[in-house]
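Visitor: Dropping a prediction and its sequence here:
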Amino acid sequence: MSDIRAQGERVGPAVTLGLLAAWVLHDAEELATGPRWLRENLPALRERFPGAPGPVWSAMEAVEPREFAVAVGVMAGFVGSAAVTGHRTRGRSGFYQGALDGFGLHGLVHLAQAAAVRGYTPGSVTSPLIVVPFTLWARGRLRRAGVLKPARARDVVLGLAVAAGATAISHAVARAVVGAR
């Protein structure tokens, strides 16, 4: 057995399938708090951040709770696919590693949002407790197994673009499913 294959066998399901488990815990917080928090805080956010582009506010106002729940379900398909692909490739999949990195960056965005509003935002509790620690732990396991691909600036930009695209697709599917605007 080659050294790389032996090293890759140390990447267990906690590292790969754990991405989906960590995402489920994180998104449970977003599902439980997101729609209500946004409804209650949107007027204050508009006042506090008057320079934000109009489409930002329109997009936030347009998301109904049922649409949000369906969009989360669609996103579960993307994250689940990445986790299974990571498991099948013992962590080597670029799709899995990109999703893992995107998940960690997503957690940092939640922390930045909470800092910007100087308080709670949906996702800001599980980000420092689950999202960021899981991402760092999983990347460390991939690194020790010798399968972690080096992250480059273009990979980060591409990962963010894919995440934004997956979010847009999940909301488009959700609107079609629930018949929202």
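Guide: Arrived safely, thanks for sending.
Visitor: Spell out the secondary structure type for residue 166.
Guide: Secondary structure, DSSP: H, G, I helix; E, B strand; the rest coil: residue 166 is helix.
Visitor: Any idea how many residues pack against the spatially closest residue to it that is not a sequence neighbour?
Guide: Distances taken as C-beta to C-beta, 6 or more residues apart in numbering place residue 78 nearest to residue 166, at 4.8 Å, with adjacent residues excluded. Placement of C-beta: from N, CA and C, glycine included. When neighbours are counted by other C-beta atoms under 10 Å, residue 78 registers 20.
Visitor: ok, residue 78 touching residue 99?
Guide: Yes - checked against C-beta atoms under 8 Å, the pair residue 78 and residue 99 is within contact range at 7.4 Å.
Visitor: next helix or strand past the host helix or strand of residue 103?
Guide: Per DSSP states H and E: residue 103 is located in helix 94-117. Note on helix 94-117: by DSSP H and E, the next helix or strand toward the C-terminus is helix 126.
Visitor: Please state the mean pLDDT value computed over that following helix.
Guide: For helix 126, mean pLDDT is 98.
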